[in-house]
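Undergrad: Whatever this is, show me its structure:
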Amino acid sequence: MKSKITLAFAIILIILNIYTIIRLEKIAHNSKHNLAIRYELLALEQEELIRMEKAGMELLQLTETEKPIWDNYILHLEWKLEKYKVMAEKLENSTSSDTWKDELYCDIEMTMTYMDTVANPDNGRALSHDVFKEEIELLNLDINCPFDSSQLHLIRDIARMKGIDNAWSEETCEYVYNGLKQTLKARFELAKSGEKQLYSGTASPWTFYINKVGLEEYSYQLLAVLVIIFTGAVILEERKNRSNKLIEMLPEKRSYIISYYYKLGLISVMSILVITLILPILYFGFKYGFNGLQNPIFVYEQGFTSFTGYTHVQEYSYYGLGKFYGTRPWFEGGYYPATILTIYPLWKVMLISLIISLLKVIFFTILGVGIGLSFTSVMRSSFVLTIVSVFYLVSQRLANKMYFNPLSINSSWDVATGSATYTWFKSAAVLIISIIIMHIVFYVINEKRDYVG
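TA: Presented below is the predicted three-dimensional model:
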């Protein structure tokens, strides 16, 4: 019977993995076409923006000094339009999937010019070419623009003087500037690594793994429930079939017997998890390559030694495979990575998140085994396992309101990046303390219980 429970556990995990594999393969198949459509839509938006800006210029009654600045700005918009059209055509006509470098360098150029529109050298916001001078020289980037990027920020001054409603304040410009600066740091790190940017829908072994442990909410939550129920069910079957009789009759201390059950549950869970994760990772790796481990991820570094996270709004955004929260309400420019965030390579964040994942597996295993051992009635044990599983799912929804609850800790990936309710340090501390407390409680409950008689 125990083998049937193990088989059922493995089959459920395999089904979940197959779903993720099919989803990633489907996205990968359409990714180039979808990206081409995206550039075509950006080109259409840019054409509309140019039309509106030219119409607005006629109404503003610009002075002789202001007109060249506005013309330079329009020239910059037309340059962006041409870039979008070229990228769309290149993606549509390319028979190779190796266009990521063109996309990356196009994005770097676009972001640099955007950064220059909110720069202010007199206020300490240097132009992008000056901020990233070393990176441009290192990568030997040839950025030839038909306009003067050093004059782009002056368009903001004209907009304010003319009383344009959507003219950004200096505070807003500074926020956008710092966010774009953070984004460009990540872009240049990626360019230096020579790797393709990974996204949540990219077909890659690392994308698959991160989807399972963090990006697919239903996946990691269902996995936790399965571990609790599986480990508890293994113990219940051991007792129901009296196959635990031999171990219970050993002349050993009760702590040895209880530890045996913990090890049994942990080895069973880890074996199935490793096998069901390794095979899809190898599949994607041999098909698409194992590169991508140097991808930049924004993390809250202080969260590795602190119980409190950074101040942010409730809404979040993604950069590559990492999630981050906005530090001010949504506005026209969107959300940008806060200056308090640090860039880590993907492999480092994966290792950091793996520590939380292992602690979670140990915690859920002890919880399931402990419940299975602590009730003489199979029905009662099954009922408690069900209640705990439901409470876990509720805790995940109420994480912000639960200060010390190991069941409310979010995905290990979000914890590692600092985009979860609990910081990495707090999550590790809560899990370790909870494991120790549970071990003591279940030991006291089961110390004198006789399962053989």
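
Undergrad: ok, so what distance separates K426 from Q302?
TA: Distance from K426 to Q302, counting by C-beta to C-beta, to the nearest Å: 12 Å. The C-beta positions use only the backbone N, C-alpha and C, and glycine is treated the same way.

Undergrad: Okay, T417 and T342: tell me how far apart.
TA: Relative to T342, T417 is positioned 10 Å away (criterion: C-beta to C-beta).

Undergrad: Quick check: neighbours shared by these two?
TA: When contacts are counted by C-beta atoms under 8 Å, 6 or more residues apart in numbering, the set common to T417 and T342 consists of F298, V299, Y300.

Undergrad: pLDDT below threshold where in the stretch 51-200 of the chain?
TA: 95-97, 162-167 (pLDDT under 70).

Undergrad: residue ranges of the helices in it, please?
TA: Across the stretch 51-200 of the chain, reading from the start of the chain, the helices by DSSP state H, counting those that start in this stretch fall at 66-93, 100-117, 128-131, 133-139, 154-161, 170-193.

Undergrad: need those helices in JSON lines with distance to F364 and mean neighbour count, can you?
TA: As requested, these are exported to JSON lines (distance: least, C-beta to C-beta, whole Å; neighbours: other C-beta atoms under 10 Å):
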{"stretch": "helix 66-93", "distance to F364": "44", "mean neighbour count": "17"}
{"stretch": "helix 100-117", "distance to F364": "38", "mean neighbour count": "18"}
{"stretch": "helix 128-131", "distance to F364": "46", "mean neighbour count": "18"}
{"stretch": "helix 133-139", "distance to F364": "44", "mean neighbour count": "13"}
{"stretch": "helix 154-161", "distance to F364": "53", "mean neighbour count": "17"}
{"stretch": "helix 170-193", "distance to F364": "34", "mean neighbour count": "19"}
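
Undergrad: closest one to Y335 among the ones you listed?
TA: Y335 lies closest to helix 170-193 among the helices of the stretch 51-200 of the chain, at 7.6 Å (C-beta to C-beta).

Undergrad: Contacts only, for E103.
TA: If a contact means C-beta under 8 Å, 6+ apart, then E103 has L35, M87, Q197 as its contacts.

Undergrad: need these in a markdown table with distance to L127, can you?
TA: As requested, these are exported to a markdown table (distance: C-beta to C-beta, whole Å):
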| residue | distance to L127 |
| --- | --- |
| L35 | 29 |
| M87 | 24 |
| Q197 | 25 |
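
Undergrad: Out of the residues you listed, which comes closest to L398?
TA: L398 lies nearest to Q197 out of the contacts of E103, by C-beta to C-beta, at 34.5 Å.

Undergrad: most surrounded residue in the shared contacts of T417 and T342?
TA: For the shared contacts of T417 and T342, counting by other C-beta atoms under 10 Å, the largest number of neighbours falls to F298: 26 neighbours.

Undergrad: so that one sits in a helix?
TA: No - assessed with DSSP: H, G, I helix; E, B strand; the rest coil, F298 is strand; it does not lie in a helix.

Undergrad: now the helices of the stretch 51-200 of the chain in JSON lines, with distance to I21?
TA: Compiled in JSON lines, those are given as follows (distance: least, C-beta to C-beta, whole Å):
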{"stretch": "helix 66-93", "distance to I21": "25"}
{"stretch": "helix 100-117", "distance to I21": "22"}
{"stretch": "helix 128-131", "distance to I21": "40"}
{"stretch": "helix 133-139", "distance to I21": "35"}
{"stretch": "helix 154-161", "distance to I21": "48"}
{"stretch": "helix 170-193", "distance to I21": "25"}
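
Undergrad: out of those helices, which comes closest to I432?
TA: When the helices of the stretch 51-200 of the chain are ranked by proximity to I432, the top entry is helix 170-193, at 32.3 Å, counting by C-beta to C-beta.

Undergrad: what sits up against the helix or strand that the closest one is followed by?
TA: Counting by DSSP states H and E, the element after helix 170-193 in chain order, helix or strand, is helix 205-210. Residues external to helix 205-210 that are found in contact with it (C-beta under 8 Å, 6+ apart): 20-21, 24, 198-201, 277, 280-285, 288, 290, 292-293, 295, 321, 346, 350, 413.

Undergrad: same check, this time on stretch 159-179
TA: The list of residues contacting stretch 159-179 from outside it, by C-beta under 8 Å, 6+ apart, reads 60, 115, 118-120, 123, 125, 156, 327-328, 331-333, 335-339.

Undergrad: What subset of these is buried?
TA: L60, M115, V118, A119, N120, R125, R156, T327, Y335, Y336, P337, A338 (16 or more other C-beta atoms under 10 Å).

Undergrad: Need the residue closest to the centroid of the protein.
TA: Among the residues of the chain, G322 comes closest to the average C-alpha position under C-alpha atoms, centre = their mean, at 3.2 Å.

Undergrad: what's the span of stretch 191-208, first residue to last?
TA: With C-alpha to C-alpha, to the nearest Å applied, stretch 191-208 spans 23 Å between its terminal residues.

Undergrad: which parts of that stretch are buried?
TA: Judged by neighbour count using 16+ other C-beta under 10 Å, the buried positions of stretch 191-208 are 191, 193, 195-198, 200-208.

Undergrad: With respect to Q396, which of those residues is nearest?
TA: Proximity of the buried residues of stretch 191-208 to Q396 (C-beta to C-beta) peaks at S200, which lies at 19.5 Å.

Undergrad: tell me which residues in stretch 353-373 are buried?
TA: By neighbour count, and taking 16+ other C-beta under 10 Å as the criterion, the buried residues in stretch 353-373 are 353, 355-357, 359-373.

Undergrad: How about the secondary structure of N291?
TA: coil.

Undergrad: Now it. Nearest residue, chain neighbours left out?
TA: The spatial neighbour of N291 that comes closest, neighbours along the chain excluded (C-beta to C-beta, 6 or more residues apart in numbering), is E195 at 5.4 Å.
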